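Enquirer: Only the shape, not the letters, is given here:
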């Protein structure tokens, strides 16, 4: 008798066969903080920042933050702004810090409003939901590698809620770029000249480190760079960088040291001498 | 089981073709059926160094495009019965090599019972170089003891780790060997050249041999005979060591120490 009942394809219990599945995901986006609404000035600044490198931004998501100028600005040409960011391969998805007067125009352009409170509320909702029932699974989803590691086979940070450090056990060679998105980066093999290691958190290198090291890549000024033997070409923390044209300070080279941001200055200190 | 070995460097003029010629000859002299393929489409050199340029009828591109069979294109070496050369084309460009075509040619060589297939890569990191390394099981990284060559070797190692078929399919990684060429112990002594230890410290792959800088290499190339045939020269012995180490023998490193000329030598001006 049961054999006569036709299974309804739309009633399948398997979640993977549902036409849509809703999960909470964390998406990494960069903030484009505007201090001007003049498209020409913004264009010039972006051009200078990217130095003509067409893939400086790798089709990343961007939140346009107008909080700094919203009060004294009455009109923003959202279309021009979105197109301009697109030209630099930034995909505007939302606007943050907008005044209520702006919201119509923003929504009309298909952009979301991120008023901070919304994010806060979402976080509370998630907390409440997880506390109340285990039905909601929180799966932070990383974008599919918007900064394309030149090495596609490089390990990608594990996608768990806590985002543990990304660990690399093979030498990072000239032309290779490793990016630990949203976490610390630990490297147990040599980093060579011409390589680039980037982390949103701190960087630890347990072998000779040459090349370029950029910690706090999404703005965390508390990030640091630790190494057993440092001789980098360039270091950067939260966007503040220092090059070593005349060589890395000899008294700190090739020995355990850390690099951090003190005020707006890159500070290098030994990890052995003061202990 | 056939082994496919790419001879590559990134930088040009470091000795890839010289090394491919001597390495493949060395393997063949030890009785292994060996093929050596010139991937430098547009700038063929291997046939000159092997001294078979006048016997080239068909080339790698012809075989890849199905215009000739492998048997028609392979040239038997003038010295060794079990060494065959597949020259590059001088009239095509590098894009003529398709990945499918190369894979087919290599598979066919494997079926013909070749034990070693040596792929002589062009310089650079473009299409031709990628095609040469894509199917490699092992890689000879030819490096001169100077900074730009080492940097380029580092770069090509990264590319092998990313782009080779073994890397892409998650198989066992390509086995890498460091071959340092044009090494001059005297210039190392005078700090004009990186030492082999310096090079190894940067590249961090096992050293398979050191070929000393020598005029006999130029001499060999001009004559169209691989340098390994010039018995008694330090270069020939160094390449023989490389082949022996590659086949699993233990050989001590040679030609790495500078011996200051003695008084008599200085007086009578030995070279």
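Expert: Perfect, thanks for sending it. Since the model is a prediction, treat every value here as computed from it, not as a measurement. Numbers count the residues shown, from 1 in each chain, chains lettered A, B, ... in the order given.
Enquirer: From now on I want contacts and neighbour counts done on CA atoms only, so please keep to that.
Expert: OK.
Enquirer: per-residue pLDDT, the residue of the stretch 101-250 of chain B found nearest chain A?
Expert: Taking C-alpha to the nearest C-alpha as the measure, the stretch 101-250 of chain B has residue B:155 as its residue closest to chain A, at 4.8 Å. We have a pLDDT of 95 for residue B:155.
Enquirer: same check, this time on residue A:273
Expert: 64.
Enquirer: Burial check on the nearest residue to the residue of the stretch 101-250 of chain B closest to chain A once chain neighbours are set aside, number of neighbours?
Expert: Nearest-residue entry for residue B:155: residue A:174, 4.8 Å, with adjacent residues in sequence omitted and distances by C-alpha to C-alpha, 6 or more residues apart in numbering or on different chains. Residues near residue A:174, counting by other C-alpha atoms under 10 Å in any protein chain shown, number 24.
Enquirer: re the thing from before, let me see the contact set for the residue of the stretch 101-250 of chain B closest to chain A.
Expert: Residue B:155 makes contacts with A:173, A:174, A:175, A:176, B:10, as judged by C-alpha atoms under 8 Å, 6 or more residues apart in numbering or on different chains.
Enquirer: Thought residue B:130 was touching the last one, still the case?
Expert: No. Using C-alpha atoms under 8 Å, residue B:10 is not in contact with residue B:130; the gap is 10.5 Å.
Enquirer: These two: who's more crowded?
Expert: A count of neighbours by other C-alpha under 10 Å puts residue B:10 above the other of residue B:10 and residue B:130, at 28 against 21.
Enquirer: And that one, how close does it get to chain A?
Expert: For residue B:10, the distance to chain A equals 11 Å [C-alpha to the nearest C-alpha, to the nearest Å].
Enquirer: wait, is that residue part of a strand?
Expert: No. Per DSSP: H, G, I helix; E, B strand; the rest coil, residue B:10 lies outside any strand segment and is coil.
Enquirer: Please list all residues in contact with it.
Expert: B:123, B:124, B:125, B:149, B:152, B:153, B:155, B:156.
Enquirer: now with 6 Å?
Expert: B:123, B:124, B:152, B:153, B:156 (C-alpha atoms under 6 Å, 6 or more residues apart in numbering or on different chains).
Enquirer: Out of the residues you listed, list just those in strands.
Expert: Applying DSSP state E to the contacts of residue B:10, no entry is found in strands.
Enquirer: Point out where the chain drops to low pLDDT.
Expert: Went with chain A since none was named. Low-confidence segments of chain A, defined by pLDDT under 70, span residues A:1-17, A:23-27, A:52, A:115-162, A:273-275.
Enquirer: um, chain B though
Expert: Applying pLDDT under 70 to chain B picks out residues B:94, B:266, B:269-271.
Enquirer: residues from it in reach of chain A?
Expert: By C-alpha under 6 Å from any C-alpha of the partner chain, the part of chain B that sits against chain A consists of B:154, B:155, B:158, B:162.
Enquirer: Helices - which of those residues land there?
Expert: With DSSP state H as the criterion, helices contain B:154, B:155, B:158, B:162 from among the residues of chain B next to chain A.
Enquirer: Might you report the residue contacts of residue B:82?
Expert: Applying C-alpha under 6 Å, 6+ apart, the residues near residue B:82 are B:28, B:33.
Enquirer: at 8 Å instead, please
Expert: Residue B:82 touches B:28, B:31, B:32, B:33, B:34, B:76, counting by C-alpha under 8 Å, 6+ apart.
Enquirer: ok, and the most crowded of those residues?
Expert: residue B:34 (27 neighbours).
Enquirer: who does residue A:213 bridge with?
Expert: residue A:197, residue A:235 (DSSP bridges).
Enquirer: number of nearby residues for it?
Expert: 27.
Enquirer: Tell me if I'm right that it and residue A:236 touch.
Expert: Yes. With contact defined as C-alpha under 8 Å, residue A:213 reaches residue A:236; the gap is 6.4 Å.
Enquirer: which residues of the stretch 151-271 of chain B fall in helices?
Expert: Under the criterion DSSP state H, counting those that start in this stretch, the stretch 151-271 of chain B carries helices at the ranges B:165-168, B:185-189, B:196-203, B:215-223, B:234-246, B:263-268.
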